[in-house]
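Any chance you could fold what I've pasted below:
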Amino acid sequence: MTQAQLARAARIPRTNLSAIERGEREVTLPTLRALALALNVRPGTLVDGETPGASASPLTRTQMERIAEATVRGTALSDPRESALARWLATSLSTQLTRARRRHPGPRQSDRAYLLLRSAEPPEAIASLVTRVVEKLPRA
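Numbering: from 1, shown residues only. Next up, the predicted model:
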């Protein structure tokens, strides 16, 4: 794929893509998503060159339960991977709830947290974590 073809597929100016490739321009989240979609890859692949979970083993049921519990309670975890996942999950979900109540876009923190989640774990693991968190939330 040529640079022009990629720019057209991602719907970004070719000059911007060229500047990104030369390191003269930072990549924004919307641009990263557009490029990933145009290339049919996950955003994490563009960020670090590895597909989700390529270097890490799949999360166990125990790890998922621990992450979900920490997300709901806001507690710290000793494992760096689990801690990061719980933090990103909490940020992503809490901002989404706030955004629905305010009826206008919230801060970019939620988008960034979700992008980090998607770049770190496969979709099935994220879906399972979200389900576990929702099940652990207190009923209103």
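
Show me the shaky parts of this protein.
Low-confidence segments of the chain (pLDDT under 70): 48-56, 95-108, 140.

Extract the CA atoms of stretch 123-132 and return them as CSV.
Coordinates of each C-alpha in stretch 123-132 appear next as CSV, following Å, rounded to 0.1, in the frame of the first residue of the first chain:
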residue,chain,number,x,y,z
PRO,A,123,-11.5,-8.3,22.8
GLU,A,124,-12.7,-11.5,24.5
ALA,A,125,-10.7,-10.7,27.7
ILE,A,126,-11.9,-7.1,27.8
ALA,A,127,-15.6,-8.2,27.3
SER,A,128,-15.2,-10.7,30.1
LEU,A,129,-13.6,-8.1,32.4
VAL,A,130,-16.4,-5.6,31.7
THR,A,131,-19.0,-8.3,32.4
ARG,A,132,-17.4,-9.2,35.7
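
residues in contact with that stretch?
Here stretch 123-132 makes contact (C-beta atoms under 8 Å, 6 or more residues apart in numbering) with 53, 58-59, 64-65, 67-68, 71, 85, 89, 93, 117-118, 121. The C-beta positions use only the backbone N, C-alpha and C, and glycine is treated the same way.

same check, this time on stretch 70-86
With C-beta under 8 Å, 6+ apart, stretch 70-86 has contacts from 56, 59, 63, 66-67, 69, 89-90, 93, 116-117, 120-121, 129, 133, 136-137.

Centre of the chain to that stretch, how far?
Distance, stretch centre to chain centre, for stretch 70-86: 16 Å (C-alpha atoms, centre = their mean, to the nearest Å).

Okay, domains of this protein per the record?
Split into domains by automatic domain parsing, the chain comes to 3-40, 61-136.

In JSON lines: those domains, plus distance to residue 46.
Conversion of the domains of the chain to JSON lines gives the following (distance: least, C-beta to C-beta, whole Å):
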{"stretch": "domain 3-40", "distance to residue 46": "6"}
{"stretch": "domain 61-136", "distance to residue 46": "9"}
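
Out of these, which is the most enclosed?
Highest mean neighbour count among the domains of the chain (mean count of other C-beta atoms under 10 Å): domain 61-136, with a mean of 16.

the helices in this protein, which residues?
For the chain, the helices defined by DSSP state H occupy 3-10, 14-21, 29-39, 43-48, 61-73, 80-102, 108-120, 123-136.

Nice, that's everything, thank you.
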